[in-house]
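Q: 3D model of this:
(one chain, ligands or ions: 2)
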Amino acid sequence: MSEQAAREELVALGASLFQRGFSVGSAGNISVRLPDGYLMTPTNSSLGRLDAARISKLDLEWRHVGGDKPSKEVFMHRAVLTARPDAGAVVHLHSTHATAIACLAAVGETRPIPMLTPYFVMRVGRELPVLPYHRPGDPAMEAGIHEAARSARAVLLANHGPVVSGKTLNDAVAAAEELEEAARLALLLRGQNPRELTEAEIDDLLGTFGA
Ligand SMILES: O=C(O)[C@@H](O)C(=O)COP(=O)(O)O
Ligand SMILES: [Zn+2]
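A: Ligands and ions are numbered 1, 2, ... in the order given. Below is the predicted model:
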């Protein structure tokens with residue numbers, strides 16, 4: 001895909017997330033890997049109103065080389081994209097239900113959302129590590145995210161929200177949406193006793209569809 005096509009896809013998917021309430025105000029940020037660097041949403045920009053020409057560009061050393069000033073979360077995106085060479089994009093949201101779980105879960109938990117549906121397992125995987133709270137933009141979060149992202153496709157930042165990777169931007173967005181829906185379902189079923197997928201069923205899903 002050309003850089004121009006990647007910029008246009010970022011604008012379209014950002015708008016789609018915003019229009020459906022997965023992101024409000026100027027919350028959230030997105031990065032996309034390119035052959036010669038990275039695209040990143042500008043800081044304080046609304047995902048609903050991105051301008052393809054003003055999206056930030058960083059070079060392969062993560063230096064800002066074009067467009068508006070990048071998100072304050074460059075460290076967060078760098079942590080994931082360097083930990084996961086196969087990942088082509090990272091989506092960070094404050095989507096309501098996933099963020100609610102990020103406020104309820106204990107740091108260190110690896111399954112803060114029960115494995116209830118196949119699609120959650122297929123899109124997000126076996127683990128969703130909960131990482132300690134850091135002030136947004138704090139470079140101190142990088143090492144922990146990097147370590148967790150080596151084996152997890154998505155992480156939850158305590159009291160903040162999800163960070164989700166995917167092979168492509170489309171994949172990362174779909175996984176972030178699925179995570180939000182799984183979090184909603186988990187909260188809806190709290191205090192009840194839903195059947196969870198067994199380890200054998202999870203193995204079967206990951207063996208068949210990967211994650
Ligand atoms: O929570 C925050 O402040 C950031 O993680 C965020 O979501 C938006 O920050 P910018 O990407 O710098 O606008
Ligand atoms: Zn944030």
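Q: For the residue most central in space within the chain, which three-state class applies?
A: Centroid check for the chain by CA atoms, centre = their mean gives residue 164 as the closest residue, at 2.1 Å. For residue 164, the assignment made with DSSP: H, G, I helix; E, B strand; the rest coil gives strand.
Q: Please report the distance of it from ligand 1.
A: As judged by CB to the nearest ligand atom, to the nearest Å, residue 164 and ligand 1 stand 13 Å apart. Every C-beta, even on glycine, is put in place using the N, C-alpha and C of the backbone.
Q: before we move on, what about residue 3?
A: For residue 3, the distance to ligand 1 (CB to the nearest ligand atom) stands at 20 Å.
Q: That residue is in contact with residue 37, isn't it?
A: No - the criterion here is CB atoms under 8 Å, and residue 3 misses it with residue 37 at 9.2 Å.
Q: neighbour-wise, which of these two wins?
A: residue 37 (19 against 16; other CB atoms under 10 Å).
Q: tell me the contacts of the more buried one?
A: Taking CB atoms under 8 Å, 6 or more residues apart in numbering as the criterion, residue 37 is in contact with 57-60, 65.
Q: hang on, residue 174 in a strand?
A: No - going by three-state DSSP, the assignment for residue 174 is helix, not a strand.
Q: Who are the contact partners of residue 159?
A: The neighbours of residue 159, taking CB under 8 Å, 6+ apart as the test, are 102-103, 133.
Q: Please list only the buried members of those.
A: By neighbour count, with 16 or more other CB atoms under 10 Å, the contacts of residue 159 hold residue 102 as buried.
Q: Might you enumerate the residues of the protein proximal to ligand 1?
A: 26-29, 41, 43-44, 71-73, 92, 136 (CB under 6 Å from any ligand atom).
Q: Dihedrals phi and psi, residue 30?
A: phi -140, psi 140 (degrees, to the nearest 10).
Q: Centre of the chain to stretch 160-173, how far?
A: 4 Å (CA atoms, centre = their mean, to the nearest Å).
Q: go on, stretch 135-153?
A: Centroid separation between stretch 135-153 and its chain, computed with CA atoms, centre = their mean, is 12 Å.
Q: what does stretch 6-13 give?
A: Relative to its parent chain, stretch 6-13 has a centroid offset of 16 Å by CA atoms, centre = their mean.
Q: what do you get for stretch 109-118?
A: Relative to its chain's centre, stretch 109-118 lies at 16 Å (CA atoms, centre = their mean).
Q: Mind listing what's buried along it?
A: Within stretch 109-118, the residues that qualify as buried are 109, 112-117, counting by 16+ other CB under 10 Å.
Q: of all these, which comes closest to ligand 1?
A: residue 112 (18.8 Å; CB to the nearest ligand atom).
Q: Chain neighbours aside, what residue packs nearest to that closest one?
A: Of all residues not flanking residue 112 in the chain, residue 105 sits nearest, at 3.6 Å (CB to CB, 6 or more residues apart in numbering).
Q: isn't the one you found right up against residue 156?
A: Yes - taking CB under 8 Å as the definition, residue 105 is a contact partner of residue 156 at 6.5 Å.
Q: Give me the common contacts of the two.
A: With CB under 8 Å, 6+ apart, residue 105 and residue 156 have common neighbours 112, 130.
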